[in-house]
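# Give me coordinates for this.
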Amino acid sequence: MANISGTRVPQEPKDEPITSKFDEGHNEAQVIQGQLRNSPNLKRRLKSRHLQMIAIGGTIGTGLFISSGQALAHAGPIGALIAYMFIGTIVFSVMTSLGEIATYIPIPGAFTSYATRLIDPSLGFAMGWIYWFSWAITFALELTATGLIIQYWDSSVNIAIFIAVFWVVMTLLNLLPVNFYGELEFWFASIKVVTIIGFIIFAICIDAGAGKQGYLGFHNWVHPGPFVDYLVTPGPTAKFVGFWAVLIQAGFSCQGTELVGLAAGESENPRQTVPRAIRATFFRIILFYVFSVFFIGLLVPSDNPDLQLGTSNASASPFVIAAQLAGVKVLPSIINAVLLTVVLSAANSNIYSGSRMLIGLAQDGFAPAFLSKTTKGGVPYYGVLLTSAFGLLGFMNVSTSGGTVFNWLLNITAVAGFILWASLNACHIAFMRALKARRISRDFLPYKAPFQPFLAYYGLFFNILIMLTQGFTAWIPSFSVESFFVAYVSLIIFAVLYIGHKLVYRDPLVSPLQADLDTGRLEVENEHWEVTAPTTWYGKLWEMING
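Alright, predicted model coming up:
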């Protein structure tokens, strides 16, 4: 790997110190040459295997195991499959965009800092807070899902009990040093991966005739059909409407892959581990998602009433429905038990990512400085507690309208994720311009992604398009204020944050020559990690699998 040194950068006038204020006279963030005086004492304790499983574990959650059922009901087996594959190309554009920046500047709370340094401090402020809001709300979503899953066995149990119990457990776990989190996520994610592989094998057997339904083949693609007519008069338009409506669910399912970039600030040897994690994570997730959705479409008819998310337990999961239809009595309970570990893993990642995002906001002066304080073990305890507090919103689901609340939270968090993806693509475009202004070739980047910078423009365009059009169902069949608010509340919050910050501080846009490409980079280049080659056969196998 080539070492990028400052000798290739032409001499320029020294930039003014990058400063940004959260509250004038109360909490002024003092930044000297782009670096906070009181930087967080995070520890680089995450290994390569931790980093890869954190991304996989944070992504494979309720979006795949529960919400994919609604995608099948709205778009049909082929419509849902195409939607997930299309979102996969957007994920690729985001991951490669993030990868080039994160390996060059691997810092804590990276996303808000990238936007602040490369584009506009107001964008960093708005994007950082909306992303934190997304993970904080998603934590409540996952806690709600734990109750729904447990109610599969006993619907008489009050969901509030489990929300309270798991809220306490998840909060305490995130107060442990980061290597404990990494190890826990490694095993949680391993269970998910084994479950999906097992489901794929199970699906092949059932589709070939091992279940009580006999040979299925592509029967469900013929009846009820490959596509579903959704909302409007049956025909090609109705089928396209179903496909486009599913994009928001598919996007929600894949969101979390970007956690690799967020965890880069706590990973060992990020210049080596982050590119490897990005390559492996993308292909694994696409493989798992595409194959899972494909086989779900083979086993479960799109008109199955249990697919509708209005049901109040995990019977809405297409994985459970597939096992029930096959007549395998014990498998639904096994899958349901795995679903419980799935959502707990995702909830664990929610607090981690939210707390690290608060560190980035505090570093850039966009949040109170105390949020960047850490324990001796490198745990940002104030950030953990603030993020976990939003999990208490899960108690809204104690009412009988649990499915409605679940849908609300799903849409709010999903759109916020698209905002982040679009911002990361925009950051990469600005990053390329900054490199060009300094005459730094992409050949000198620690990770040089394929098809860039064209993929960044591709991802930016479609992320914005999906954000702006995903709420079209609010006008069908007649305008619904509630549906409109659910669809666009994240965009409204983002706009208020951006405009409000711009009006108060009037920070100018960052020019390519002013972009800070050094803070965080030089520190990493001066550190050295001992790279130990595996000696055991299983270690060598793991190394080969991970590239």
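
# any idea how far the nearest residue to G261 once chain neighbours are set aside is from M95?
Spatial nearest neighbour of G261, chain neighbours left out: A102 (4.0 Å); criterion: CB to CB, 6 or more residues apart in numbering. Backbone N, C-alpha and C define where each C-beta goes, glycine included. Distance of A102 to M95, given as CB to CB, to the nearest Å: 10 Å.

# So which of these two has more stuff around it?
Neighbour totals were compared for A102 and M95, and A102 leads with 30 against 26 (other CB atoms under 10 Å).

# Isn't that one up against E258?
No: with contact taken as CB atoms under 8 Å, A102 and E258 are classed as non-touching, separated by 9.1 Å.

# what comes up buried for the host helix or strand of V169?
Assessed by DSSP states H and E, V169 sits inside helix 159-173. Within helix 159-173, the residues scored as buried using 16 or more other CB atoms under 10 Å are I159, F162, I163, A164, F166, W167, M170, T171, L173.

# now stretch 492-506, how far from the centre of its chain.
Its chain's average C-alpha position is 24 Å from that of stretch 492-506, according to CA atoms, centre = their mean, to the nearest Å.

# looking only at pLDDT, what's the mean for it?
Averaged across stretch 492-506, pLDDT comes to 92.

# can you check stretch 136-146 too?
Stretch 136-146 comes out at a mean pLDDT of 84.

# Buried ones in it, by neighbour count?
For stretch 136-146, the buried set under the neighbour-count rule, 16+ other CB under 10 Å, comprises A136, I137, T138, F139, A140, L141, E142, L143, T144, A145, T146.

# Go ahead and confirm the last one touches T341.
No: the pair T146 and T341 does not pass the contact test of CB under 8 Å, sitting 10.1 Å apart.

# So what's the predicted local confidence for V384?
Taking V384 on its own, its pLDDT is 90.

# Which helix or strand contains it?
Under the criterion of DSSP H and E, V384 resides in helix 381-389.

# buried set for that helix?
Neighbour-count burial for helix 381-389 [16+ other CB under 10 Å]: Y381, Y382, G383, V384, L386, T387, S388.

# just checking, the fifth one touches I359?
Just to be clear, that refers to L386. No: with contact defined as CB under 8 Å, L386 does not reach I359; the gap is 11.4 Å.

# intersection of neighbour lists for the two?
Counting by CB atoms under 8 Å, 6 or more residues apart in numbering, the residues touching both L386 and I359 are L371.

# Phi first, then psi, for the residue nearest to the spatial centre of the chain.
In the chain, the centroid-proximal residue (CA atoms, centre = their mean) is G256; its distance is 1.7 Å. Phi and psi for G256, reported as degrees, to the nearest 10, are phi 120, psi -20.

# mind checking how far it is from A83?
18 Å.

# Identify the residues contacting T413.
Taking CB under 8 Å, 6+ apart as the test, what T413 contacts is S134, W135, I137, T138, L141, F252, Q255, S490.

# Can you name the two of these that sit furthest apart?
L141 and S490 (13.7 Å; CB to CB).

# where's the residue nearest to G261, which helix or strand?
Counting by DSSP H and E, the element that carries A102 is helix 68-104.

# So which bits of that helix are buried?
Buried positions in helix 68-104, judged by neighbour count with 16+ other CB under 10 Å: 68-84, 86-88, 90-104.

# quick one: average confidence on it?
On average, helix 68-104 scores 88.

# I137 versus T144, what's the distance?
Taking CB to CB, one finds T144 at 11 Å from I137.

# which residues are in contact with stretch 203-219?
Identification of contacts with stretch 203-219 by CB under 8 Å, 6+ apart yields F295, I296, L298, L299, A322, L325, A326, G327, V328.

# and the first one, what does it touch?
Remark: with contacts taken as CB under 8 Å, 6+ apart, F295 is in contact with F199, I200, A203, I204, D207, A322.

# which SS class is the second one?
Look at I200: counting by DSSP: H, G, I helix; E, B strand; the rest coil, its state is helix.

# For it, which non-adjacent residue is spatially closest?
That would be F291: by CB to CB, 6+ apart, it lies 5.5 Å from I200.

# how about the helix or strand containing that neighbour: buried residues?
If you go by DSSP H and E, F291 is part of helix 270-299. For helix 270-299, burial by neighbour count (16+ other CB under 10 Å) applies to 270-282, 284-286, 288-289, 292-299.

# how about G327, secondary structure?
Here G327 is coil, with the state taken from three-state DSSP.

# Now do the contacts for it.
When contacts are counted by CB under 8 Å, 6+ apart, G327 touches G211, K212, Q213.

# 6 Å instead?
Counting by CB atoms under 6 Å, 6 or more residues apart in numbering, G327 makes contact with G211, K212.

# Distance check, it against W153.
Counting by CB to CB, the separation of G327 from W153 is 19 Å.

# Next, the buried residues of stretch 507-525.
Those would be D507, V510, P512, Q514, A515, D516, L517, D518, T519, G520, R521, V524, for stretch 507-525 by 16+ other CB under 10 Å.

# now that stretch, how far from the centre of its chain.
So, by CA atoms, centre = their mean, the centroid of stretch 507-525 is 25 Å from its chain's centroid.

# Could you do stretch 384-391 as well?
18 Å.

# export it as PDB, just CAs?
In PDB, the C-alpha atoms belonging to stretch 384-391 read as follows (Å, rounded to 0.1, in the frame of the first residue of the first chain):
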ATOM      1  CA  VAL A 384     -24.500   6.000  25.000                       C
ATOM      2  CA  LEU A 385     -27.000   7.200  27.600                       C
ATOM      3  CA  LEU A 386     -28.500   9.900  25.400                       C
ATOM      4  CA  THR A 387     -29.000   7.500  22.400                       C
ATOM      5  CA  SER A 388     -30.400   4.700  24.500                       C
ATOM      6  CA  ALA A 389     -32.900   7.100  26.100                       C
ATOM      7  CA  PHE A 390     -34.700   7.300  22.800                       C
ATOM      8  CA  GLY A 391     -35.400   3.500  23.000                       C
END
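
# which residues touch it?
Identification of contacts with stretch 384-391 by CB under 6 Å, 6+ apart yields A136, F139, A140, L143, W167, T171, N174, L175, I351, G354, S355.
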